[in-house]
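Visitor: Sequence and predicted structure, then a few things I'm wondering about:
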Amino acid sequence: MESHPHTTRTPTRRTADACLKKKRRNSRRSSPSLDSRRAAAGRLREVRRSIRLPRGTDPRAGGEAMPPGGGGEGEHGCTAQYHPPATVRLDEDALPHSTPPLLAIATVASQEKRQRHEHKQQPEASLPEGSLVEILARVPYSSLCRFRCVSKPWLALCSSRDIIKRSPQTLSGFFYYDSNALLSFRMPQVDSSLPFLRERYKCIFVKEICSGLLLCRCWELCSMRGESHYVVCNPATEEWTVLPPIEFTAQDLSHVLHIKPIPMLYLGFDAAVPSRFVVFAPLTVGCNVSGKMAIFSSETGQWTYVQSKWSSGTAIDHATKRRVFLNGTLHLTTLDKSIVTVDMEGKVWREIKMPDDLPTASDIVSIGQSQGRLYVWQIDNPHDCQLFIWVLEDYGTGKWALKHTVNVLELFGRRCREDADYYMMFAIHPDCNVGFLTNMKKETTVSYDLDKQKVHVICTEFMCGLPYIPCFAELPSAGH
């Protein structure tokens, strides 16, 4: 029988299957499983993130970094290739000996995170604290309130009483009564419920605001019955003083026996001289001033009674509650389109005529003060809703000058006036040429920059507010 040396014997199908199974078993024994390799790779990534190894570093090589190309230069300036071992096996229960334990890595990482967080909360180290205090002492109170949100150190710094007392104050918002007859404040700095008074009084009605002080009438009962007290309070410092009762003599009341006289109280306070406030209480029958006026001074804590020097029959416009305290003098409007004044001592009495060119004699004339000057304005609601604003140029002679004329309809986006439309300018900014207007029908309140001719919507409700400027000086003769 001839032999064929170049011919091999073809294995059967069964023999081939057996060889394939044996090969697979050997492969599984010689290399780690897929799950094991994935777990090892995940732990390696976790170690690298914890100890912040530079990119290209091999933790198995003692933490030495490799060049971006994967190797270093040889002795002849050639690039030497880095060849990793063919098979890398990590024990599932242990990390490489060159890496620190996981507990130590976590502790270091948490400390670094805490240090970074504390560093972010601190003010700039390059700015000395004394310089920072001097800067913040020149920032308005409304800005200090926003700065408190930066961090806890800034919250403590911007809440410092020394900084707040020195910071310049300007218009912060308005106290007003909303549609539900609840006292509200348009801005977040003040709690309009006046909680520091609620411990004693159940019902509080704000009658006057002058700069940073409020004059309130308070009742201990919710029904507004029984005895009431007049209280002067400072919402910024939560201090308050109860005024003693006003006691006119029987002779002062002899000519008004058939009509009960009602003293109308007006508050006078200048934040530039915070050591004193006064309260004026002219004795009136209806709108007419009846002879005497009581003046309370915080310096003495008592009322003094003086004879009025205004002309007989002077009718103060109590309904509109338009008054200004400027340069230590109270200014009140009258029904005769004039302004009557009296100083804090009750010694200087005067009457100033309104501008001669008022558009209508039937509509409200309002007064206010801005930048140390007295202003008068009126809106011609019965006709074309034009706003006219005058400034008292010469206080001695009573000379007025028309400064601005504004179409109010355009400010509210209207082309023509509709029935029952009524517009009111209720305040002027004390430090700049900005007026605040409201529409009773559309229930919209806006501010208008008279210089830049820009309108800003404040809220979508009717608001005839009393301007409030915070004052952080201690209240004179504060009883609480």
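Guide: Structure's in. What do you need?
Visitor: Tell me where the stretch 151-300 of the chain has helices.
Guide: Using DSSP state H, counting those that start in this stretch, the helices assigned to the stretch 151-300 of the chain run over residues 152-158, 161-166, 195-198.
Visitor: In JSON lines, list the ones you listed along with mean neighbour count.
Guide: C-beta coordinates here come from the backbone N, C-alpha and C atoms, glycine included. Output for the helices of the stretch 151-300 of the chain, formatted as JSON lines (neighbours: other C-beta atoms under 10 Å):
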{"stretch": "helix 152-158", "mean neighbour count": "15"}
{"stretch": "helix 161-166", "mean neighbour count": "15"}
{"stretch": "helix 195-198", "mean neighbour count": "14"}
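Visitor: Save those as TSV, and put in distance to residue 354 and mean pLDDT too.
Guide: Shown next, in TSV, are the helices of the stretch 151-300 of the chain (distance: least, C-beta to C-beta, whole Å; pLDDT from 0 to 100):
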stretch	distance to residue 354	mean pLDDT
helix 152-158	44	84
helix 161-166	39	74
helix 195-198	37	91
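Visitor: For residue 465, find the nearest of those helices.
Guide: Residue 465 sits nearest to helix 195-198 of all the helices of the stretch 151-300 of the chain, at 19.7 Å, using C-beta to C-beta.
Visitor: what residues does the closest one touch?
Guide: Residues outside helix 195-198 that contact it (C-beta atoms under 8 Å, 6 or more residues apart in numbering): 204, 216, 218, 231, 233, 238, 240, 480.
Visitor: for stretch 300-318, what is the average pLDDT?
Guide: If you average the pLDDT over stretch 300-318, you get 87.
Visitor: And that stretch, what's buried?
Guide: Neighbour counts over stretch 300-318 (16 or more other C-beta atoms under 10 Å) mark 303, 305, 308, 310, 314, 316-318 as buried.
Visitor: Direction included, what does the helix or strand encompassing residue 374 pair against?
Guide: Residue 374 is part of strand 373-379, with elements assigned from DSSP states H and E. Within its sheet, strand 373-379 is paired with strand 366-370 (antiparallel), strand 386-394 (antiparallel), according to DSSP bridges.
Visitor: Just after the least confident helix or strand in the chain by mean pLDDT, pick out the following helix or strand.
Guide: None of the helices or strands of the chain scores lower by mean pLDDT, DSSP states H and E than helix 102-121, at a mean of 55. Going down the chain from helix 102-121, the next helix or strand is helix 129-136, by DSSP H and E.
Visitor: Against which helices or strands is the helix or strand following that following helix packed?
Guide: For helix 129-136, the following helix or strand on the C-terminal side (DSSP H and E) is helix 141-147. Counting contacts by 3 or more C-beta pairs under 8 Å, 6 or more residues apart in numbering; DSSP states H and E, helix 141-147 is packed against helix 152-158, helix 161-166.
Visitor: Please write out the alpha-carbon positions of the last one in PDB.
Guide: As requested, C-alpha coordinates have been extracted for helix 161-166 and formatted as PDB (Å, rounded to 0.1, in the frame of the first residue of the first chain):
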ATOM      1  CA  ARG A 161     -25.200  98.500  62.700                       C
ATOM      2  CA  ASP A 162     -22.200 100.800  62.400                       C
ATOM      3  CA  ILE A 163     -22.100 100.400  58.600                       C
ATOM      4  CA  ILE A 164     -25.900 100.800  58.300                       C
ATOM      5  CA  LYS A 165     -26.000 104.000  60.400                       C
ATOM      6  CA  ARG A 166     -23.300 105.600  58.200                       C
END
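Visitor: Can you give the contact residues for it?
Guide: Applying C-beta under 8 Å, 6+ apart, the contact partners of helix 161-166 are 133, 136-138, 141, 144, 157, 472-473.
Visitor: same thing with stretch 323-342?
Guide: Outside of stretch 323-342, the residues within contact range by C-beta under 8 Å, 6+ apart are 210-211, 266-270, 273, 280, 287, 293, 309-310, 314-317, 320, 322, 343-344, 348-354, 358, 361, 365-369, 372, 374, 376.
Visitor: Buried residues, it. List them.
Guide: With burial defined by 16+ other C-beta under 10 Å, the residues of stretch 323-342 counted as buried are 323-326, 329-334, 337-342.
Visitor: what do you get for stretch 230-238?
Guide: Buried residues in stretch 230-238, counted by 16+ other C-beta under 10 Å: 230-237.
Visitor: Could you identify the most distant pair in the residues you listed?
Guide: Maximum pairwise distance in the buried residues of stretch 230-238, criterion C-beta to C-beta, is 19.9 Å, between 230 and 236.
Visitor: what pLDDT, on average, does the strand holding residue 374 get?
Guide: Here strand 373-379 scores 95 as its mean pLDDT.
Visitor: who's in contact with that strand?
Guide: Under the criterion C-beta under 8 Å, 6+ apart, residues 324, 326, 331, 339, 354-355, 358-360, 363-369, 385-392, 395, 400, 408, 423-425, 428, 435 lie in contact with strand 373-379.
Visitor: go again using 7 Å as the cut-off
Guide: Strand 373-379 is contacted from outside by 324, 326, 331, 354-355, 358-359, 363, 365-369, 385, 387-392, 400, 408, 423-425, 428, using C-beta atoms under 7 Å, 6 or more residues apart in numbering.
Visitor: just stretch 461-468 next, same as before
Guide: 171-176, 178, 186, 190, 209, 424, 426-427, 438, 440, 443, 445.
Visitor: Residue 297: neighbouring residues, count only.
Guide: Residue 297 is flanked by 19 other residues according to other C-beta atoms under 10 Å.
Visitor: contacting residues around it?
Guide: Applying C-beta under 7 Å, 6+ apart to residue 297 gives the contacts 276, 278.
Visitor: Could you report the distance from it to residue 279?
Guide: With distances taken as C-beta to C-beta, to the nearest Å, residue 297 is found 8 Å from residue 279.
Visitor: do the same with residue 273
Guide: From residue 273 to residue 279 the distance is 16 Å (C-beta to C-beta).
Visitor: Which one of those two is surrounded by more residues?
Guide: Remark: of residue 273 and residue 279, residue 279 carries more neighbours, 25 against 11, as counted by other C-beta under 10 Å.
Visitor: which ones are touching the spatially closest residue to that one that is not a sequence neighbour?
Guide: Nearest-residue entry for residue 279: residue 296, 4.2 Å, with adjacent residues in sequence omitted and distances by C-beta to C-beta, 6 or more residues apart in numbering. Contact analysis of residue 296 by C-beta under 7 Å, 6+ apart lists 243, 278-279, 303.
Visitor: thinking again about what came up before, between the strands paired with strand 373-379, which one is closest to residue 404.
Guide: Smallest distance to residue 404 across the strands paired with strand 373-379 (C-beta to C-beta): 4.2 Å, for strand 386-394.
Visitor: Give me the buried positions along that closest one.
Guide: Using 16+ other C-beta under 10 Å as the test for burial, strand 386-394 gives 387-392.
Visitor: what's the answer for stretch 431-448, then?
Guide: By neighbour count on 16+ other C-beta under 10 Å, the buried set for stretch 431-448 is 433-439, 442, 444-448.
Visitor: For that stretch, give me every contacting residue.
Guide: Identification of contacts with stretch 431-448 by C-beta under 7 Å, 6+ apart yields 170, 371, 406, 408, 411-412, 420-428, 449-451, 455-464.
Visitor: What subset of those is buried?
Guide: Buried members of the contacts of stretch 431-448, counted by 16+ other C-beta under 10 Å: 406, 408, 411-412, 421-428, 450, 458, 462-464.
Visitor: closest to residue 18 among the contacts of helix 195-198?
Guide: Nearest to residue 18 out of these is residue 238 (C-beta to C-beta; 94.9 Å).
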